[in-house]
Every structure is written in structure tokens, then in C-alpha cells.
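**Q** Here's a sequence, model it:
(one chain, ligands or ions: 3)
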Amino acid sequence: MEKIEFVKVIINNKSNRTDREYTYGVSKSLQEKICIGSRVIIPFGQGNKLIEGYVVDQVDKIDFDYSKIKYVKEIVDEKAFVSKELIDLCRWMKEKYMCRFIDAIQCVIPTGASLRSKKVITLSDTFSEKELSNYNLSSKHMKIIKLLLTRKKVTDVFLKNTFKDIDIQPLLKSLADKKIIIIKTNLKGDVNTAFEKIIRLCNTEEPMKLIEKLSKNAKKQREILFYLAEHKEVIWSELREAMNISTSTINILLKKGFIEVDLVKKRRKPYEHMQIASTKPLTLTEEQSQAVKKIVPYIQKNEYSPFLIHGVTGSGKTEIYMQLIDTVLEQGKEAIVLVPEIALTTQMIERFKGRFGNIVAVLHSKLSLGERYDEWNRIDQGEVKIVIGARSAVFSPFHNLGIIIIDEEHEYTYKSEANPKYHTIDVAKFRCQKNNAVLILGSATPSIESYTNALEGEYIKIKLQSRFNNNPMPHVEIVDMRKELDKGNKSAFSESLYKGIMNNLKKGEQTILFLNRRGYATFISCRKCGYVVKCPYCEISLTYHASSNKASCHYCGYTKIPPNICPDCKSKYIKYFGVGTEKIENLTKKYFPKVRVARLDLDTTSKKGAMDQIIFKFRKGDIDILIGTQMVAKGLDFPNVTLVGVIAADVSLNLPDFRAAEKTFQLITQVAGRAGRGNGLGRVIVQTYEPEHFSITSAQKHDYISFYNQEIMIRKEFMYPPYSKLINILFTGKNESDLIKVANNFANSLKEKLLQYNIKEVVFGPHPAPLSKIKEKYRWQIIIKSKPVDQNVIKGIINYMRLEKEYLKNINISMDIDPYSML
Ligand SMILES: Nc1ncnc2c1ncn2[C@@H]1O[C@H](COP(=O)(O)OP(=O)(O)OP(=O)(O)O)[C@@H](O)[C@H]1O
Ligand SMILES: [Zn+2]
Ligand SMILES: [Zn+2]
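**A** Ligands and ions are numbered 1, 2, ... in the order given. Now for the predicted structure:
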């Protein structure tokens, strides 16, 4: 193997100024082992503080003085921590999304794996307790020493937490100066490999002979030996549980030399205890079979090929995915399957574990750090072949990727809202290209962009027009809520919906009620003077939650008890307006007493496992009516649901967003698609104040094409994506006048520079963002709306501008390339 003498390293540090590749030398002893993707410890800065870094490149020569070069101190892991493919991906993300290199690297490593420096403090060898009095120490010093005498080793973090109001740094320094303690800086991650104790009999003698040696009274010990003789090796915690024994009993056996204890690496496996029946591939319908036949040759050809499967709700896309993966596995390759919502992972995991068993791993943010770390390792080590997960699972560290499947590809959750603001489809495309893999985008309601790409030939389009059982699509009725008002019905339930639910209950069939707004009332205001209760930190009205009797901010979490009297005019006419899911739950219970009702939204699913429990009960038939936000709207497969009610279709229609119509069409079509999947016919009732809107009327007819044709004309007319490219530059800071100054300067010099390239009239703003203040920080934005061909030039200029000037501190500038939401 060639020897690597110099490497380029990205350091793990969140500053813009250190966002560059630093060159380090590699000493002889490390040259064989180091490679791109290695995690290293390096001395950095003037003090040569040791920090973590990632090798992103290797070089033969350096163009500066050899004597000035610093050397890599240590390689952290046995193998490369990140593959070269993923390092290349990070480099591409940095360019594409204008983020820091390290931000991209954080995406491809498991959360909590980054090493941070921690100080470990021990007593020095020369220190003797007897001489303590000679040192002339304060009582605070003594506290630390006493702690060290009992605990031997502590970290600075531990000390800080123990002595909350004492500044420990100077104390530690003086103790170290006096050579009483030793301070070592260690780099440590937040998660560690878990170990577990394994117990087995010593091999030396036959088990029965061992047992004979025990005295008659040692009943427990005898039982343990019998148990071990039978089970060979057992995990300590399981043994303890199975036999109800104490550590001391085990220790006695250890001392006698009858048993031995081993530490083995433990993998924390989420969903391990889920009971899943195993399944065989289903006989495909004609349409499904056509789809599989079309794609399989591309998997075998080993060539990047992207597909858009446009299949109506209930057409059986999942079965197609699974049969495609069969081929991928035959090729010795691996598969990533992405779902847009954690609520959907359980159903997907059930289906995939049922079919593929133990080779399925799971990655999403509701797992513990340790579970995620272990799943990541199982993927990296090739212990599994399939990953099911949310957005971030697109970064799964497979080494021989054969397919990435993005289910419900139109979902906004595939766009990251945190830095780097990547889109999962872009990342998946990049990885599939590099791996000669197949990319599958599946949806009943493809995004306008994806469908346009398919029409233009970038994706191969596959259509599924009927449900797997040839069930008709559900019948959709639109209810004009203005007419309900005329009739004198002020309730959130139209007459039609009320009767529909009644009828369904009588038949013993299930109902889903959908409203994309959680809470009880969406704003609280004074009827006399119009005062609205708002979050003091965000420019947003507070939502009332009846179960806790609190008004809360859905952006920063601030809560308070709502006022009885208007703080402005002192009137008593404080009223609650706007209906949320919690209110619908209350009303449902009121109108339909004794009916089993449950609610699925962020508020009812914050506890681990709560979501699965609700879904499980509903599937089992223990719930008659399920009320929920978009969590219930997509992908879930409940055969006994025959009625879906959309409480207010206008919620998404009225958003200040060019995608409002698209979102509305998707939501209605998707939630309607939950009805009539089993034997019964499905029925959908959509309540709205805008019954003529084309997003609602096309959803009524299940007519995607008609929706697409109308929407794409509007996009063209107003130059919105896919006819243009957008960049949203967001400025945030606590001082609004500084913020405006910086944003204005930025916009002006951007306009000026773009003129040199003859790019005009593409910079809009700065103006306050629709959410103009969050968590005490003001938000202003510049929107750049350009021809697609110009975007790279514009990005180049912005990048240059960012490096050229030191902008005011305390003002953060963040880039969103191809933003999904402009809020
Ligand atoms: N060939 C088949 N034979 C029998 N049952 C099938 C077949 N294909 C699919 N199904 C069943 O049809 C139901 C719906 O399938 P699936 O959930 O994959 O639909 P989908 O296309 O993903 O719909 P949506 O877009 O609404 O999520 C599932 O219960 C599945 O088991
Ligand atoms: Zn008032
Ligand atoms: Zn707030």
C-alpha cells in the first residue's frame, strides 16, 4: 500500500473561520493506517490544543515550509470512520447547500459520536493524605480532594455539576500547580459502545462434579450451576431476572472458580421485542408485476437509474419495494427505505422485518443515542442489509448500496430545516449515482418538481392506476361551510359529516378525522379591543391547550396560563377562536358519547412508544374514531376505515406559500386515500370555505393530472419552481436595527455584483420573514428568484461575499437553497 505522508483535515469546530482544510503530516507509524475518512486527533491553534478532525483528502506535496508542519497525533478508530464515498458526498453538500464542511460531516456520522474534550482529574502519585496539612488548603480545595479520595477519578463536568456555585477552574489550577492532582484532557464522545456481562461455567470440570462440590445448603448456587449447565452462556442481566439472584451469589461462584465472566460488545437493538409474523412475497397484480419487471433489469445492470412510481393510494407500492429489494439482495447489495414520518416507520418495520427478518435496521430520531449508534455500526459492519428510516437514514453507511427508495416522495419532511438544509432526494440522487444504484421515488401525489422531472425524462415514470384489490377510489363529497352557517350550523361538524360518523358507528366501521392544527383553540383574543395573546419571544399567537389549561407557543415552547381579563382594555370578553385537534376530540366525545376516541398529534405522542400504542389500538379495532394532524394523513393502512372527514381543508390553503395549493391537494388526496382500503367502500367528506378551489375539486375527482396542469401554469406565470430557482437568505439577530443594516448592505452589494454578470431583478427584499421573530430573535430574509441556469453564478458570488467581509457579530446568516417553506 502506498504511504500517505500528508492529509487534509476538517476540524470539528462550529466556527466559520475554521471552515477549511488544514494540512497535517503523518508520522511513519500511522502512514499505513490513515486514509480518507479517518477520524484523527490533532494539535490545533497556538496552544496546540488536541481536537478531533476528519481526514478528507491526502496530498503528496505541500507548498509551505516542512518544518512548520504539525503531525496527526492519533487515529481514533481501527478503520476509516466514514467511507470515502460519504466524504465526497459531504464535499458536494458543502458546495450545493453552502454549508460548512463539518456540518455536512455531522450528517454522516452518528449523533453523539463526536469527541469533545473533557478533563479527567486524578490525585498525583506523589500526593500523600498524611501531608495534607502542610499544603495550607482552603475548604473548597479540601472538598475536591475528599471527593477524589473516594472516587479516584472525576471529570471536570462532574465537578461542575457537583459544586454548582463554585468556580472550580482556579481551584483545579492551584491544586495542579501544587502537584496534588493531575489533569488530563481526554476526548470523549457522548455515546459509547455498550458492553454486557456474559456468564458461563468454567470448562475445567464436568458440571455435575462442580455441583457435587457444593454444600447442601447452597441451594441458590446449585440452581445457578444447573441453569448454566443447560444454557451454556447467559447474559448476566437475564440470569438475574430469570432466577432472582444477587450479585453476591455470583461473586461467590466466581471466587470458587466455578464460573467465568466475559465482557462482550452489546448491540442495543430497537424493535427487537416486537412480535412480527413472517410473510412470503404476495402474488403481484398485473400493474405491480409490470412495474417490478420494468425496474429489475436496471438493478441487474448496475447502472444509475431513477424512477418515479406514481401509484394511487392503496395500489400496493410497498409490495413492489419489497420485491425489488429481493433482487438487490441477490446482487449482494444493500437497500435504504425512507419514510417521511416517524408514525409510519412502525408499519414499515413490521412489513419489512416480517419479510426480511434480522437484516433490517432502523434509524430515526426517536431512538436513543445508544440505539442509533449501534444501528449505525450494524450498518457499517455489514450486519444488516436493509435500513428503514426517516430523512437522515439516507446517510446510512452502507458500502455497497444497490437501491434507495423514498416513499411518499412529495413530503416536505424530506427537506431538512436545520443546517445543512439538504433535500433528501438530492442526496439520494448523488449517492445512487456514485454507487450505480437504482433510485425509486414513490407517491400517489408526486411533487410538482418530481413530476416535471419525470415528464422531461429525468426519471422513468411508472404508473399504477388501480388499487391492489380493484376497489374503487373513495367517494369524495365537498361540503361548503358557508352554507352550513347560512343553515344556522355554527359547529365544526357539518350535517353531512355528523350523519356520516353516526352511520359508520352503527355499521361498526372506523373513522378518521383530520385537521392539520393541534391544540384546542388556535388563538385567544379580546372581543372588545382585538388584543391577541402572543408569545413574548416570537411574533406568534399562542395556542390554547385545554388539557393543561395553558397557552403555548408552537415555535419556542413558551407557555403561560391564559388571562381572564384583557391585559389591554381590562374587559372580560376574552374568547377562544380557531379549532384544533384537541377541541375536535372534545366535540367528538360530546356529540358521540360512549364512543372510543383517540387523538394522534405531537401532544399525544411525545412519550416514547405512545404513538405506536395509539396506532396499534386503532388497527386492532379498539378505537372507533381517530382524530389527528398530518400524522394520520399518509401511508397508514387500516382496512376497516371507511370514512374520512377533513375538518378544514383551508388550513393549508391559506398559508403564505407558493406551494399552498400543492400541499392542500396532497393532504386531501392522501387522507382520502386512508378510506376504503379493505373490503368496505370508502367515503370522504371535505369541509371547506373555498369549495371551488382547483386543489380541492381535483382531489375530489382523484385527478392528479388535472391538478398538475393547472398548478404548473400558475408556476410558469409567476416564475416559481420548477421554472425558477430560489435561494432564501435568512438573517437572524436580537438587535433589529443592526439586522436590517446588515441585510440591506448584503442585498445592495449582491445586486451590484450580479449586474456585472447581467443578472437583474432577481433579488427581493430584505423584508421581515413571515415568522418575523422567533425565540427573541428577529428574522429578515432576502429571496433570490432566478433562472435555473444562473443559480451557480449567484451561489458563487454569495460565497465570495461571505468570505470577503466580516459581518457584524451576533447576526447569523443562513442559506436555504431550493427552500421548501419560506416562513
Ligand atoms: N399483490 C397484492 N396482493 C394482496 N394484497 C396486496 C397486494 N399488494 C398490496 N397488498 C395490500 O394492499 C395494502 C395497501 O398497500 P400499500 O400500503 O403498499 O399501499 P400504497 O400504494 O403504499 O398506498 P399509499 O400511497 O396510500 O401509502 C396493504 O395492506 C398490502 O398488504
Ligand atoms: Zn381588550
Ligand atoms: Zn415563542
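
**Q** Now do Gln31 against ligand 1, distance only.
**A** In this view, Gln31 and ligand 1 are 51 Å apart by CB to the nearest ligand atom, to the nearest Å. The way it works is simple: take the backbone N, C-alpha and C, and place the C-beta from them, glycine included.

**Q** go on, Cys556?
**A** Distance of Cys556 to ligand 1, computed by CB to the nearest ligand atom: 34 Å.

**Q** for Ser548, same thing?
**A** 34 Å.

**Q** Can we start the residue count at 11 from this point?
**A** All set: I'll call the first residue 11, so the last point we hit is now Ser558.

**Q** For that residue, what are phi and psi?
**A** Backbone torsions for Ser558, taken as degrees, to the nearest 10, come to phi -100, psi 0.

**Q** What sits closest to it if chain neighbours are left out?
**A** Using CB to CB, 6 or more residues apart in numbering and skipping the chain neighbours, the partner closest in space to Ser558 is Thr569 (7.8 Å).

**Q** what's around that neighbour, how many residues?
**A** Burial of Thr569 is recorded as 15 neighbouring residues (other CB atoms under 10 Å).

**Q** Quick check: beta-bridge partners of it?
**A** Beta bridges link Thr569 to Ser562, judged by DSSP bridges.

**Q** Repeat that for Leu133.
**A** Counting by DSSP bridges, Leu133 is bridged to Ile191.

**Q** how about it, what does it touch?
**A** Neighbouring residues of Leu133 by CB atoms under 8 Å, 6 or more residues apart in numbering: Ile155, Leu158, Leu159, Lys162, Ile190, Ile191, Ile192.

**Q** near ligand 3, which residues of the protein?
**A** Selection of the chain residues close to ligand 3 by CB under 5 Å from the ion yields Cys545, Tyr547, Cys548, Cys563, Tyr565, Cys566, Tyr568.

**Q** Among those residues, which one lies nearest to Phe366?
**A** When the residues of the chain next to ligand 3 are compared for distance to Phe366 (CB to CB), Tyr565 wins out at 40.1 Å.

**Q** ok, for the closest residue to ligand 3 within the stretch 311-460 of the chain, nearest residue in space, not its chain neighbours?
**A** Nearest residue of the stretch 311-460 of the chain to ligand 3, counting by CB to the ion: Glu427, 16.3 Å away. Excluding its sequence neighbours, the residue lying closest to Glu427 (CB to CB, 6+ apart) is Ser831, at 7.6 Å.

**Q** just the buried members of the contacts of Leu133?
**A** Buried members of the contacts of Leu133, scored by 16 or more other CB atoms under 10 Å, are Ile155, Leu158, Ile190, Ile191.

**Q** Save the residues you listed as CSV, and put in pLDDT too.
**A** Converted to CSV, those look like this (pLDDT from 0 to 100):
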residue, pLDDT
Ile155, 85
Leu158, 84
Ile190, 86
Ile191, 88
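
**Q** Which two among those residues are spaced furthest apart?
**A** The two members of the buried ones among the contacts of Leu133 with the most space between them (CB to CB) are Leu158 and Ile190, at 8.9 Å.

**Q** Which helix or strand contains the closest residue in space to Leu612 that isn't next to it in sequence?
**A** Residue nearest to Leu612 in three dimensions, not counting chain neighbours: Arg528, with 5.8 Å by CB to CB, 6+ apart. Secondary structure assignment for Arg528, by DSSP states H and E: no helix or strand.

**Q** And for Arg528, the neighbour number?
**A** Counted with other CB under 10 Å, Arg528 comes out at 21.

**Q** May I have the residues that are in contact with it?
**A** Per CB under 8 Å, 6+ apart, neighbours of Arg528: Thr553, His564, Gly590, Thr591, Glu592, Asp611, Leu612, Asp613, Thr639.

**Q** Can you flag which of these belong to strands?
**A** Here DSSP state E is the test, and the contacts of Arg528 give Thr553 as lying in strands.

**Q** and the least confident of the contacts of Arg528?
**A** Lowest pLDDT of those: His564, 78.

**Q** tell me, how many neighbours does the nearest residue to that residue once chain neighbours are set aside end up with?
**A** Of all residues not flanking His564 in the chain, Thr553 sits nearest, at 5.8 Å (CB to CB, 6+ apart). By other CB under 10 Å, the residues close to Thr553 number 26.

**Q** hmm, back to that, from the contacts of Leu133, which is closest to ligand 1?
**A** The nearest member of the contacts of Leu133 to ligand 1, counting by CB to the nearest ligand atom, is Lys162 at 56.7 Å.

**Q** The nearest residue to the closest one once chain neighbours are set aside and ligand 2: what is the separation?
**A** Leaving out its chain neighbours, the residue that sits closest to Lys162 by CB to CB, 6+ apart is Thr132, at 6.6 Å. As judged by CB to the ion, to the nearest Å, Thr132 and ligand 2 stand 64 Å apart.

**Q** cool, and Asn738?
**A** Note on Asn738: its distance to ligand 2, by CB to the ion, is 36 Å.

**Q** Also Met483?
**A** Applying CB to the ion to Met483 and ligand 2 gives a distance of 49 Å.

**Q** next one: Pro350
**A** Pro350 is 42 Å from ligand 2, by CB to the ion.

**Q** Met358 falls within a helix, correct?
**A** Yes: judged by DSSP: H, G, I helix; E, B strand; the rest coil, Met358 forms part of a helix.

**Q** So it sits against Ala400, correct?
**A** No: using CB atoms under 8 Å, Met358 makes no contact with Ala400, being 10.4 Å away.

**Q** anything in contact with each of these two?
**A** Shared contacts of Met358 and Ala400 (CB under 8 Å, 6+ apart): Val349.

**Q** Grab the CA positions of stretch 16-31 and hand them over as PDB.
**A** Included here for stretch 16-31 are C-alpha records, laid out as PDB according to Å, rounded to 0.1, in the frame of the first residue of the first chain:
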ATOM      1  CA  PHE A  16       0.200  14.400   4.300                       C
ATOM      2  CA  VAL A  17      -3.500  14.700   4.900                       C
ATOM      3  CA  LYS A  18      -6.100  17.400   4.800                       C
ATOM      4  CA  VAL A  19      -8.200  17.600   7.800                       C
ATOM      5  CA  ILE A  20     -11.600  19.300   8.700                       C
ATOM      6  CA  ILE A  21     -11.600  20.100  12.300                       C
ATOM      7  CA  ASN A  22     -14.700  19.500  14.500                       C
ATOM      8  CA  ASN A  23     -15.500  23.100  15.300                       C
ATOM      9  CA  LYS A  24     -18.500  25.200  14.500                       C
ATOM     10  CA  SER A  25     -16.800  28.400  13.500                       C
ATOM     11  CA  ASN A  26     -16.900  29.900  10.000                       C
ATOM     12  CA  ARG A  27     -13.300  30.900  10.300                       C
ATOM     13  CA  THR A  28     -12.000  27.400  10.700                       C
ATOM     14  CA  ASP A  29     -14.200  26.000   7.900                       C
ATOM     15  CA  ARG A  30     -11.200  25.000   5.700                       C
ATOM     16  CA  GLU A  31      -9.000  22.000   5.100                       C
END
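
**Q** No more questions from me, cheers.
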